[in-house]
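In: okay, sequence plus prediction incoming.
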Amino acid sequence: MSSEFLIMAALLIGSAIIGVPIGIALISSSIAYLWMRGLPLTMATDAVMQGFSSNYIFLAIPLFIFAARVMNAGTITDRMLAFAMGAIGHARGGLAQVNVLTSLIFSGMSGSASADAAGIGSVLVRMMREKNRYPDGFAGAITAASSVIGPIFPPSIPMIFYAISANASVGGLFLGGVLPAILIALALMAASYWISARRGFPTEERIPPRKVLSLFRSAALPLLTPVILLAGIYSGAMTPTEAAAVAAFYAMCISVFVYRTVGFRGFIDILIESAEKSAVVVMIIAGAFLFSSVIAIERLPNALAQWVDSWDMAPTAFFLLVNAVFLVLGMLLPAATILLVIVPVIVPAALGLGIDPIHFGVVIVINTMIGLVTPPYGVLIFVVSAVNRINAWSIIREIVPFILVLVASLLLLVLVPDFVMLLPRQFGY
Amino acid sequence: MTVLRRFAQAISIIFFLTTFLAVLGQASFRYLFNMPVGWAVEVAINSFLVGSWWTICWQVALREHVTFDVVYEILPERGRALCRCVGGLVTGALLLAAVPGSLKYVEVMNRITTGVLKLPLSWVYWIFTLFLIVLALRFILDAVRAIASLTIAERSA
């Protein structure tokens, strides 16, 4: 590691701490590094623009963002909520269970945890707080914890980040996320049941099966989105990027022509929001592309792989160590930064030890999602707190058991790779 | 100002919509008509690149980007102004330092064309030079505003 790199790292960390956006801090500190090493500064433009030009997959990100915005704008979320309420509302801690189930269903359309927490999550928090049926902190905690499922079940924007970083298959990663998402949803539901039983939380009125069936029919069209997406990718008909465009088109057709909830003005607003949110993502990916060139010049991934090799570490021990480090990093850094900046340094060492890139990717994405609910940088806690005006400390106190459930699920997924790899293997990944 | 903002938004929308339609068109032509269209990939990537950097330049506020604000958020007003001042000047200077290199790179790209449509790559890559200049100026302006707020606060104290 050169002295120039150490100065650059200090500049990067210093800039980030004083509030310079991380993507821009990555670019400016990398420019400083190139200048100190006497390398041509043309490299900055080259690394960023060539990085994008050669990565067609990144186009899936704006298209998934667009699809999620269209879905959120219509009455689609209301229909899903009504169906989930009919299906499971009568169980102990009914609304908490509904909260988890809607997160699982919504995850098949959005791929973004904060879209879940701020959108359908806020509706559920409001319902849970009515007449003081659930404590505010608990309502916020289960909403934040269940939103974690969003980016684990396909489609998943963080998995595309990992695919860009590790040159892994998006199709394989999407399939790898299906069973872990269901496992985590079941674990959170079991925890909610246990807590609700101990604290006497209420149940909802049981809805007759015929009515549940009609609620399902009403939500059936949006529920088909993940089916179209996955069938498109795994039949070989579409690339993940094309499937994202088709999903967005399908969402648009439902909202504009079938439910008629999005008009021309609404559609323009969705386009503006999608373009701006996508630009924020582009900024951080651009920073990661330039930073990757710097770490390639420094040969950091090779050095790390050799260092790990010299320790003669077992793959499972290495995987557990990486997870422990990432859980700590997740408390401090945004998931996108970890997946785009730190993962490329670690991946060669993991592959060198024989860990499957899909298993590694899915587990690391889940790990960084847990970071979204762990303080002090628990973004989802603050989103739920701000949107619903709930004291953040009360959410933090109530979220501890759910964090323990998430970490236990993560441990299980590290130790039993079949939970992740079963579906990808069936499809030849 | 509203007219300029609307103009900037309209450009963003056009490029975003072009990206969406190009990818959708590519999937439709290949899947429905068995006619792969190579130009669609070029149109999609390049229009998204130009559109995104354009949006970053004119529409996304500096604080809307992904930031590590754990420390920044707990600072008093004066501390935040100091951070904006130092961060703005350093970042602005470094981004400006890369502008000559970026211009040189774009000039070279004028002689290289895209694979299918044979358009000069400089038509796309100039947007990164614009990004460096605009963002550098925005950071420096933010630093100047922070210095001004510090000065006003000192005078009123």
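Out: Yep, that arrived.

In: worst-scoring helix or strand of chain B, pLDDT-wise?
Out: In chain B, no helix or strand scores lower on mean pLDDT, DSSP states H and E than helix B:70-74, which sits at a mean of 82.

In: before we move on, what about chain A?
Out: In chain A, no helix or strand scores lower on mean pLDDT, DSSP H and E than helix A:113-118, which sits at a mean of 72.

In: how many neighbours does residue A:375 have?
Out: 15 (other Cβ atoms under 10 Å in any protein chain shown). All C-beta atoms are positioned from the backbone trio N, CA, C, and that covers glycine.

In: that one - that's part of a strand, no?
Out: No. Counting by DSSP: H, G, I helix; E, B strand; the rest coil, residue A:375 falls outside a strand, being coil.

In: now for residue A:390: which residues touch it?
Out: Residues in contact with residue A:390 (Cβ atoms under 8 Å, 6 or more residues apart in numbering or on different chains) are A:125, A:136, A:137, A:139, A:140, A:384.

In: hang on, the earlier thing: does the least confident helix or strand of chain B reach chain A?
Out: Yes. Using Cβ under 8 Å from any Cβ of the partner chain, helix B:70-74 reaches chain A at B:70, B:71, B:72.

In: filter these to the buried ones?
Out: Buried subset of the residues of helix B:70-74 next to chain A (neighbour count, 16 or more other Cβ atoms under 10 Å in any protein chain shown): B:70, B:72.

In: now do the least confident helix or strand of chain B: everything it contacts.
Out: A:17, A:18, A:19, A:332, A:376, A:377, B:80, B:83.

In: out of the residues you listed, which end up buried?
Out: Using 16+ other Cβ under 10 Å as the burial test, these include A:17, A:18, A:19, A:377, B:80, B:83 as buried.

In: just those: which are in strands?
Out: Using DSSP state E, no member of the buried ones among the contacts of helix B:70-74 falls within strands.

In: need the worst-confidence member of these.
Out: Ranked by pLDDT, the buried ones among the contacts of helix B:70-74 bottom out at residue A:377, which has 71.

In: who are the contact partners of that one?
Out: Counting by Cβ under 8 Å, 6+ apart, residue A:377 has contacts A:330, A:331, A:332, A:333, A:334, A:371, B:68, B:70.

In: now intersect those residues with the helices, please.
Out: The members of the contacts of residue A:377 that map onto helices under DSSP state H are A:330, A:331, A:332, B:70.

In: contacts only, for the third one.
Out: Right, residue A:332. Counting by Cβ under 8 Å, 6+ apart, residue A:332 has contacts A:376, A:377, B:68, B:70.

In: now the longest helix seen in chain B: mean pLDDT?
Out: Taking DSSP H as the criterion, chain B has its longest helix at helix B:122-156. What helix B:122-156 shows for mean pLDDT is 91.

In: do a quick rundown of the helices in chain B.
Out: With DSSP H, the ranges of helices along chain B come out as B:2-33, B:38-58, B:70-74, B:77-97, B:99-109, B:122-156.

In: sorry, slip of the keys, the one I care about is the stretch 201-350 of chain A.
Out: Assigned by DSSP state H, counting those that start in this stretch, the stretch 201-350 of chain A shows helices spanning A:209-223, A:225-234, A:240-253, A:264-297, A:300-311, A:315-332, A:335-337, A:343-352.

In: redo the ones you listed as CSV? Include mean pLDDT.
Out: Shown next, in CSV, are these (pLDDT from 0 to 100):
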stretch, mean pLDDT
helix A:209-223, 86
helix A:225-234, 81
helix A:240-253, 88
helix A:264-297, 90
helix A:300-311, 82
helix A:315-332, 90
helix A:335-337, 84
helix A:343-352, 89
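
In: report the buried residues of stretch A:174-186.
Out: The neighbour-count check on stretch A:174-186 (16+ other Cβ under 10 Å) flags A:174, A:175, A:176, A:177, A:178, A:179, A:180, A:181, A:183, A:184, A:185 as buried.

In: contacts only, for the residue nearest to residue A:318 when sequence neighbours are not counted.
Out: Leaving aside its chain neighbours, residue A:318 sits nearest to residue A:353 (5.5 Å; criterion: Cβ to Cβ, 6 or more residues apart in numbering or on different chains). Each residue near residue A:353 by Cβ under 8 Å, 6+ apart is listed here: A:308, A:313, A:315, A:318.

In: do you know how far residue A:353 is from chain B?
Out: 30 Å (Cβ to the nearest Cβ, to the nearest Å).

In: can you redo the ones in helices among the contacts of residue A:377 as JSON lines with distance to residue A:144?
Out: Compiled in JSON lines, those are given as follows (distance: Cβ to Cβ, whole Å):
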{"residue": "A:330", "distance to residue A:144": "14"}
{"residue": "A:331", "distance to residue A:144": "14"}
{"residue": "A:332", "distance to residue A:144": "18"}
{"residue": "B:70", "distance to residue A:144": "17"}
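
In: picking up where we left off before, restricted to helices, list the contacts of residue A:390.
Out: Going by DSSP H, the helices hold A:125, A:136, A:137, A:139, A:140, A:384 from the contacts of residue A:390.

In: tell me the spacing between the fifth one and residue A:191.
Out: What it means is residue A:140. Distance of residue A:140 to residue A:191, given as Cβ to Cβ, to the nearest Å: 15 Å.

In: out of these two, which sits in the more crowded spot?
Out: Using other Cβ under 10 Å as the criterion, residue A:140 and residue A:191 rank with residue A:140 on top: 33 against 21.

In: contacting residues for the more buried one?
Out: Shown in contact with residue A:140 (Cβ under 8 Å, 6+ apart): A:125, A:381, A:384, A:385, A:388, A:390, A:394, A:395, A:398, A:399.
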